[in-house]
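Participant: how would this look folded up:
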Amino acid sequence: MAHRTSGRPPAADNKKLSGELFALTYGALVSQLIKDFESDEEVNKQLDKLGYNIGVRLIEDFLARSSVGRCHDFKETADVISRIGFKMYLGVVPVISNWSASGDEFSLVLDNNPLTEFVEIPEDRRSLLYSNVLCGALRGALEMVYMEVDVSFVQDNLCGDDQTEIRLKFMRRLEDAIPDPEDD
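Facilitator: You can find the predicted model right below:
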């Protein structure tokens, strides 16, 4: 018979509990936004704005904890976002797919979105982008590393799709914001 020396649950149980608490808390936030704003479009904007602000701050934590260096191209950026970023903060690793021929656009495909674990969207709220905070967070974080991207949902399993697909399109490098090494 196994014997535990501490009264604490195993680390895996803590992570699951923490993830469930996060999903429930996020659900309460979305529910409040729905009450505060009249249209799904306005709620979507607020979730994107919230996500953007999270991403702007989260990138510092990500860079400090992951020891990831500068990415050399958008494909490397996609790999870091998927394998390290999503795994670190959401506990999932989305599949990178649907690269554009020019290599400036790709999709992150989630079979299981941890934000939607306890959620069902009513038929009359199908235009609500429940997880739009993810798009904003990606946009905000990438902007802080000098990349302007367009991020949007293509598919959402809450709306009856088989999977959740987030599309990222590289718009431009934010050169104006990069400090000139000669200015030091």
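Participant: pLDDT wise, what is G19 at?
Facilitator: On pLDDT, G19 comes in at 71.
Participant: is it located within a strand, as I assumed?
Facilitator: No - under DSSP: H, G, I helix; E, B strand; the rest coil, G19 sits outside any strand and is assigned helix.
Participant: what's near enough to touch it?
Facilitator: By Cβ atoms under 8 Å, 6 or more residues apart in numbering, G19 lies in contact with L90, G91, P114, E117. Just so you know, the C-beta spots here come from the backbone N, C-alpha and C atoms, and that holds for glycine as well.
Participant: what's the spacing between it and D61?
Facilitator: In this view, G19 and D61 are 18 Å apart by Cβ to Cβ, to the nearest Å.
Participant: quick one: what helix or strand has the most centrally placed residue in the chain in it?
Facilitator: Per Cα atoms, centre = their mean, the C-alpha nearest to the average position across the chain is that of L134, at 3.2 Å. For L134, the host element (DSSP states H and E) is helix 132-144.
Participant: what lines up beside the helix or strand following that helix in the sheet?
Facilitator: Next helix or strand after helix 132-144 toward the C-terminus (DSSP H and E): strand 147-155. Here strand 147-155 is paired, per DSSP bridges, with strand 164-173 (antiparallel).
Participant: any idea how far the strand it pairs with is from the middle of the chain?
Facilitator: 12 Å (Cα atoms, centre = their mean, to the nearest Å).
Participant: count the neighbours of the residue nearest to L142 when sequence neighbours are not counted for me.
Facilitator: Of all residues not flanking L142 in the chain, V149 sits nearest, at 5.0 Å (Cβ to Cβ, 6 or more residues apart in numbering). Neighbour count of V149, defined by other Cβ atoms under 10 Å: 20.
Participant: in this protein, which helix or strand is least confident?
Facilitator: Within the chain, no helix or strand scores below helix 11-36, which has a mean of 79 by mean pLDDT, DSSP states H and E.
Participant: average model confidence for whichever helix or strand comes after it?
Facilitator: Downstream of helix 11-36, the first helix or strand assigned by DSSP H and E is helix 40-66. If you average the pLDDT over helix 40-66, you get 95.
Participant: got the angle for helix 40-66 vs strand 147-155?
Facilitator: Relative orientation of helix 40-66 versus strand 147-155 (axes from the mean of the first three to the mean of the last three Cα atoms, to 10 degrees): 120 degrees.
Participant: give the contact list for S67.
Facilitator: Contacts of S67 by Cβ under 8 Å, 6+ apart: none found.
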